[in-house]
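[1] Sequence and predicted model, in that order:
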Amino acid sequence: MNALAKLFFGAVVSLSLTGCVTGGNSEGEMEIRSGKIEQINPAQITSTHHTGLGAIVGGLGGLALGSLIGNGTGRDVAMAAGAIGGAFAGNEVQKNHDKPVPGQQVIVRLKNGVLVSITQPINNALQPNEAVFVEGSGTDARVVPQN
(Lines give C-alpha, C1' and ligand atoms only; values in the text may rest on other atoms or scores of the structure.)
Protein backbone atom coordinates (compact mmCIF):
# COMPACT_ATOMS: atom_id res chain seq x y z
CA MET A 1 0.00 0.00 0.00
CA ASN A 2 1.48 3.36 -0.95
CA ALA A 3 1.93 6.32 1.40
CA LEU A 4 -1.10 8.27 0.07
CA ALA A 5 -3.44 5.33 0.58
CA LYS A 6 -2.07 4.71 4.09
CA LEU A 7 -2.56 8.37 5.02
CA PHE A 8 -6.11 8.41 3.67
CA PHE A 9 -6.99 5.12 5.42
CA GLY A 10 -5.56 6.43 8.72
CA ALA A 11 -7.67 9.60 8.48
CA VAL A 12 -10.82 7.58 7.81
CA VAL A 13 -10.18 5.29 10.79
CA SER A 14 -9.54 8.29 13.05
CA LEU A 15 -12.76 10.01 12.01
CA SER A 16 -14.73 6.79 12.42
CA LEU A 17 -13.47 6.21 15.95
CA THR A 18 -14.16 9.82 16.92
CA GLY A 19 -17.82 9.31 15.97
CA CYS A 20 -18.07 6.45 18.50
CA VAL A 21 -17.42 8.68 21.52
CA THR A 22 -20.57 9.19 23.60
CA GLY A 23 -21.43 11.10 26.70
CA GLY A 24 -24.39 11.86 28.93
CA ASN A 25 -26.55 9.50 30.95
CA SER A 26 -25.80 5.81 31.30
CA GLU A 27 -27.55 3.47 28.91
CA GLY A 28 -31.21 2.99 29.81
CA GLU A 29 -31.42 6.17 31.92
CA MET A 30 -33.56 9.12 30.83
CA GLU A 31 -34.12 12.42 32.56
CA ILE A 32 -37.85 13.25 32.83
CA ARG A 33 -39.13 16.64 33.96
CA SER A 34 -42.73 17.90 34.14
CA GLY A 35 -44.30 21.25 33.37
CA LYS A 36 -46.87 23.11 31.23
CA ILE A 37 -46.62 24.26 27.63
CA GLU A 38 -46.33 28.04 27.40
CA GLN A 39 -46.09 28.36 23.64
CA ILE A 40 -45.80 26.32 20.40
CA ASN A 41 -44.15 27.84 17.32
CA PRO A 42 -43.50 26.40 13.85
CA ALA A 43 -39.83 25.55 13.21
CA GLN A 44 -37.52 23.80 10.75
CA ILE A 45 -35.48 20.79 11.84
CA THR A 46 -32.10 20.46 10.22
CA SER A 47 -30.54 17.12 9.39
CA THR A 48 -29.05 15.02 12.16
CA HIS A 49 -26.67 13.27 9.75
CA HIS A 50 -22.99 13.66 10.40
CA THR A 51 -21.62 16.24 8.03
CA GLY A 52 -18.80 14.92 5.93
CA LEU A 53 -19.95 11.29 5.94
CA GLY A 54 -20.90 11.48 2.25
CA ALA A 55 -17.48 12.89 1.41
CA ILE A 56 -15.71 10.12 3.33
CA VAL A 57 -17.71 7.33 1.69
CA GLY A 58 -17.37 8.93 -1.75
CA GLY A 59 -13.64 9.42 -1.25
CA LEU A 60 -13.16 5.78 -0.29
CA GLY A 61 -15.14 4.65 -3.34
CA GLY A 62 -13.11 6.92 -5.62
CA LEU A 63 -9.88 5.68 -4.06
CA ALA A 64 -10.92 2.06 -4.66
CA LEU A 65 -11.86 2.75 -8.29
CA GLY A 66 -8.66 4.71 -8.89
CA SER A 67 -6.58 1.82 -7.61
CA LEU A 68 -7.87 -0.32 -10.49
CA ILE A 69 -6.30 1.97 -13.09
CA GLY A 70 -2.73 1.66 -14.39
CA ASN A 71 0.53 0.98 -12.56
CA GLY A 72 3.19 2.99 -10.71
CA THR A 73 2.87 6.79 -10.66
CA GLY A 74 -0.14 6.73 -13.00
CA ARG A 75 -1.98 4.54 -10.54
CA ASP A 76 -1.12 6.91 -7.66
CA VAL A 77 -2.45 9.87 -9.66
CA ALA A 78 -5.64 7.93 -10.53
CA MET A 79 -6.14 7.01 -6.85
CA ALA A 80 -5.69 10.63 -5.73
CA ALA A 81 -8.01 11.95 -8.44
CA GLY A 82 -10.58 9.26 -7.64
CA ALA A 83 -10.49 10.05 -3.92
CA ILE A 84 -10.90 13.80 -4.52
CA GLY A 85 -13.63 13.35 -7.13
CA GLY A 86 -15.44 10.77 -5.01
CA ALA A 87 -15.29 13.00 -1.93
CA PHE A 88 -16.78 15.91 -3.88
CA ALA A 89 -19.53 13.73 -5.40
CA GLY A 90 -20.34 12.11 -2.05
CA ASN A 91 -20.62 15.50 -0.36
CA GLU A 92 -23.02 16.74 -3.07
CA VAL A 93 -25.21 13.64 -2.77
CA GLN A 94 -25.40 14.09 1.02
CA LYS A 95 -26.35 17.77 0.65
CA ASN A 96 -29.27 16.80 -1.63
CA HIS A 97 -30.63 14.36 0.98
CA ASP A 98 -30.21 16.60 4.04
CA LYS A 99 -33.17 18.95 3.55
CA PRO A 100 -34.82 20.58 6.61
CA VAL A 101 -38.17 19.12 7.68
CA PRO A 102 -41.12 20.88 9.37
CA GLY A 103 -41.14 20.77 13.16
CA GLN A 104 -42.26 22.71 16.19
CA GLN A 105 -40.56 24.68 18.92
CA VAL A 106 -42.28 23.89 22.22
CA ILE A 107 -41.62 26.23 25.15
CA VAL A 108 -42.34 24.55 28.50
CA ARG A 109 -42.34 26.10 31.98
CA LEU A 110 -41.06 23.39 34.29
CA LYS A 111 -42.44 22.90 37.81
CA ASN A 112 -39.36 24.71 39.20
CA GLY A 113 -40.21 27.80 37.09
CA VAL A 114 -37.47 27.38 34.48
CA LEU A 115 -38.42 27.80 30.82
CA VAL A 116 -37.04 25.26 28.34
CA SER A 117 -37.33 25.27 24.56
CA ILE A 118 -37.38 22.01 22.61
CA THR A 119 -37.49 21.74 18.83
CA GLN A 120 -38.98 18.43 17.72
CA PRO A 121 -41.06 16.84 14.93
CA ILE A 122 -44.66 18.03 14.85
CA ASN A 123 -46.91 16.42 17.49
CA ASN A 124 -50.50 17.58 16.90
CA ALA A 125 -51.54 16.22 20.33
CA LEU A 126 -49.69 19.05 22.11
CA GLN A 127 -51.63 22.22 23.05
CA PRO A 128 -50.72 25.38 25.03
CA ASN A 129 -51.38 25.14 28.81
CA GLU A 130 -51.25 21.33 28.63
CA ALA A 131 -49.37 19.38 31.32
CA VAL A 132 -46.42 17.60 29.70
CA PHE A 133 -43.27 15.64 30.39
CA VAL A 134 -39.92 16.71 28.97
CA GLU A 135 -38.07 13.46 28.32
CA GLY A 136 -34.28 13.44 27.91
CA SER A 137 -31.94 16.38 27.57
CA GLY A 138 -29.98 18.25 24.93
CA THR A 139 -30.69 17.37 21.31
CA ASP A 140 -32.48 14.17 22.40
CA ALA A 141 -35.13 15.99 24.49
CA ARG A 142 -38.79 15.51 23.56
CA VAL A 143 -42.09 16.92 24.88
CA VAL A 144 -44.91 14.41 25.41
CA PRO A 145 -48.39 14.78 26.96
CA GLN A 146 -48.80 13.57 30.57
CA ASN A 147 -51.97 11.51 29.91
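    Okay, I see it.

[2] What segments of the protein are strands?
    Taking DSSP state E as the test, the strands found in the chain are 32-45, 101-110, 115-121, 131-135, 142-145.

[3] Arg109: neighbouring residues, count only.
    Per other CB atoms under 10 Å, the neighbour tally for Arg109 reads 14. Placement of C-beta: from N, CA and C, glycine included.

[4] Name whatever forms a beta bridge with it.
    Lys36, Leu115 (DSSP bridges).

[5] Likewise for Arg142?
    For Arg142, the beta-bridge partners are Glu135 (DSSP bridges).

[6] Correct me if wrong: it contacts Val134.
    Yes - here Arg142 reaches Val134: they are 7.5 Å apart, a contact under CB atoms under 8 Å.

[7] Looking at these two, which is more packed in?
    Val134 (19 against 15).

[8] pretty sure the more buried one is touching Ile37, no?
    No - using CB under 8 Å, Val134 is not in contact with Ile37, being 10.1 Å away.

[9] Now do the shared contacts for these two.
    Counting by CB atoms under 8 Å, 6 or more residues apart in numbering, the common neighbours of Val134 and Ile37 are Val108, Val143.

[10] Number of residues surrounding Asp112?
    Slight slip there: residue 112 is Asn, not Asp. Counted with other CB under 10 Å, the neighbours of Asn112 add up to 8.

[11] ok, now how distant is it from Ser34?
    10 Å (CB to CB, to the nearest Å).

[12] now do Gly85
    53 Å.

[13] Neighbour count: these two, which is higher?
    With neighbours defined as other CB under 10 Å, Gly85 and Ser34 compare such that Gly85 has more, 17 against 13.

[14] contacting residues for that one?
    Counting by CB under 8 Å, 6+ apart, Gly85 touches Gly62.

[15] Find me the pLDDT at it, would you?
    If you check Gly85, the pLDDT there is 84.

[16] again with Gln104
    91.

[17] Correct me if wrong: it contacts Asn124.
    No - Gln104 lies out of contact with Asn124 (CB under 8 Å); the separation is 9.3 Å.

[18] For these two, indicate the residue with more neighbours.
    Gln104 (18 against 6).

[19] Show me how the protein divides into domains.
    Per the record, the chain has its domains at 1-24+48-99, 31-46+100-147, by automatic domain parsing.
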